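Trainee: here are the coordinates; sequence isn't available:
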């Protein structure tokens, strides 16, 4: 009879599936937790990288020793021009028309 009773399942096969089911559930849970932890790590890495880039634009660097603040880059030619302008101003201030004392040329004209 085709619609009759079927043979009962093999007890050894059912027992194997029942023993492996908790192991499969455990592996899927560990994989899920691992995926979540990995995504948290990737997000934290991106945040750290963006923060480093933002602070680097402001010349601030974090090291193991602490935070170091750098001086903004100044081109050598601009630095030399600024320095020379101060020297020229000081030279002109101490020149012949200053009230700091007689200049060498004024003393020479008095002798004549």
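Mentor: Looks like it came in fine. Here the structure is a predicted model, which means the values were calculated and not measured. Residues are numbered from 1 along each chain as shown.
Trainee: which residues touch the residue most central in space within the chain?
Mentor: With distances taken as C-alpha atoms, centre = their mean, residue 52 lies nearest the centre of the chain, 1.4 Å away. Going by C-beta atoms under 8 Å, 6 or more residues apart in numbering, residue 52 touches residue 62. Bear in mind the C-beta positions are built from the backbone N, C-alpha and C, glycine included.
Trainee: ok, the one 10 residues further on next?
Mentor: Contacts for residue 62 were tallied using C-beta under 8 Å, 6+ apart; they are 52, 55, 68.
Trainee: name the helix or strand for it, please.
Mentor: strand 60-63 (DSSP states H and E).
Trainee: now residue 79: how far from residue 85?
Mentor: From residue 79 across to residue 85, the span is 11 Å (C-beta to C-beta, to the nearest Å).
Trainee: revised request: answer the last question for residue 58.
Mentor: 28 Å.
Trainee: tell me the mean pLDDT over the helix ranked longest in the chain?
Mentor: For the chain, the helix that runs over the most residues, judged by DSSP state H, is helix 11-57. In this model, helix 11-57 carries a mean pLDDT of 92.
Trainee: how far off centre is that helix?
Mentor: 27 Å (C-alpha atoms, centre = their mean, to the nearest Å).
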